[in-house]
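Q: build me a model:
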Amino acid sequence: MPNNFWGSAASRESLRTTKEKPDTVITSPISGKPIKASDLIPIHFTPVVDDDKTPVASKKFRYMCPVTRDVLSNNTACAVLRTSGNVVTMECVDNLIRKDMIDPTNGKSLREKDIIPLQRGGSSYAGSGLQLESRVSKPSMHVG
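A: Predicted coordinates:
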């Protein structure tokens, strides 16, 4: 292989090493245990009810909490109730559901492990809601 930018020495070294085969078992990112199909639950998002004939894809707010009717956005902390699969706001979970531990959409009793918090996705912006903190502080511009 010629020694140029695309075929550097580092890539030649990587060709000599053996690669491990990927694991054929899908594991939970939280527990590390294998996931079975029976562990998966269907999730139901409640569409926002309005009289608009606008297509769902072009609406600003598409889904809402079925209990409080609050709209769901990228900034809304949400959870799934395992007994019904409905997505509700964490505010609803903290203020209403944890008091009685009953799913308000179907009346079934809940355990703490039946409330599954959802992780918010990124918004494709650099910050995407994360609280980042620098470890080293240096001046970015020096005026002499």
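Q: show me where the chain has its strands.
A: Assigned by DSSP state E, the strands in the chain fall at 46-47, 63-64, 71-72, 78-81, 87-89, 115-117.
Q: tell me which of those strands lies nearest to Ser38.
A: Evaluated with Cβ to Cβ, those place strand 115-117 nearest to Ser38, the distance being 15.4 Å. C-beta here means a position set from N, CA and C on the backbone, and glycine is covered the same way.
Q: contacts for the closest one next, please.
A: 77-82, 90, 93, 97-98 (Cβ atoms under 8 Å, 6 or more residues apart in numbering).
Q: try 10 Å
A: Residues lying outside strand 115-117 but in contact with it, judged by Cβ atoms under 10 Å, 6 or more residues apart in numbering, are 41, 43, 77-83, 85, 87-88, 90, 93-94, 97-98, 101, 103.
Q: tell me where the model's unsure across this protein.
A: With pLDDT under 70 as the threshold, the chain has low-confidence stretches at 1-16, 51-59, 121-132, 134, 138-144.
Q: need phi/psi at Thr83.
A: Main-chain dihedrals, Thr83, degrees, to the nearest 10: phi -70, psi -30.
Q: picking up where we left off before, present the strands of the chain as CSV; the columns should include distance to Glu133 and mean neighbour count.
A: What follows is the strands of the chain, written out as CSV (distance: least, Cβ to Cβ, whole Å; neighbours: other Cβ atoms under 10 Å):
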stretch, distance to Glu133, mean neighbour count
strand 46-47, 36, 14
strand 63-64, 32, 19
strand 71-72, 28, 17
strand 78-81, 26, 22
strand 87-89, 28, 22
strand 115-117, 23, 15
